[in-house]
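Undergrad: Have a look; sequence and predicted model below, questions after that.
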Amino acid sequence: MSFNPRDLQRMQQQMIKAQEQMAKAQEQMAKDLANMTLQGTAGGGAVVVTMSGDFAIQSVKIDPEAIDPEDAATLEDLITLAFKSAIDQAQAAQQKAQDSMVSSATSGLQLPKGFGF
């Protein structure tokens with residue numbers, strides 16, 4: 001199998017362009033995630049954790065009805081579950097954004113025969 005040097009040169013140029021697009025896409029993704037608002041809830045809304053897509057905690061709300069001095073363990077569990085829910089959403093948002101970024105940065109690459117993935 002032989003390759004035309006022009007094909008390799010074109011592929012190098014495409015890779016440089018893809019790297020530039022990837023860097024721009026990463027910057028945009030970071031901004032989008034920072035501006036995203038996600039909410040994790042537990043206990044039917046008794047505890048609500050709000051965070052951004054980059055895991056910055058914005059607020060924690062606890063319904064006064066959920067506060068029972070005799071049963072702190074239940075409230076602790078609800079808080080833990082609400083945080084886990086918010087974190088799961090942030091991780092899913094990051095994965096989706098990353099998949100989209102990679103897809104858009106690599107679309108249009110024309111690889112010579114034998115370089116397919």
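TA: It's in.
Undergrad: drop to CA atoms for contacts and neighbour counts, all remaining ones
TA: Noted.
Undergrad: which other residues reach stretch 82-92?
TA: By C-alpha atoms under 8 Å, 6 or more residues apart in numbering, the surrounding residues in contact with stretch 82-92 are 38-42, 47-55.
Undergrad: Recalculate using a threshold of 6 Å.
TA: Stretch 82-92 has contacts (C-alpha atoms under 6 Å, 6 or more residues apart in numbering) with Q39, G40, T41, A42, V49, G53.
Undergrad: now the third one, which residues is it bridged with?
TA: Right, the one you point to is T41. With DSSP bridges as the criterion, T41 is bridged to V48.
Undergrad: what two of the contacts of stretch 82-92 have the greatest distance between them?
TA: Spanning the widest gap among these are A42 and G53, at 18.9 Å by C-alpha to C-alpha.
Undergrad: Quick check, pLDDT for the residue positioned nearest the centre of the chain.
TA: Central residue of the chain (C-alpha atoms, centre = their mean): Q94, 0.4 Å from the mean position. If you check Q94, the pLDDT there is 93.
Undergrad: buried sites along the helix or strand containing it?
TA: For Q94, the element it lies in under DSSP states H and E is helix 72-106. Residues of helix 72-106 classed as buried: 75, 78-87, 89-90, 93-94, 97-98, 101, 105-106 (neighbour count, 16 or more other C-alpha atoms under 10 Å).
Undergrad: do stretch 28-44 as well
TA: The neighbour-count check on stretch 28-44 (16+ other C-alpha under 10 Å) flags M29, A30, D32, L33, T37, L38, Q39, G40, T41, A42, G43 as buried.
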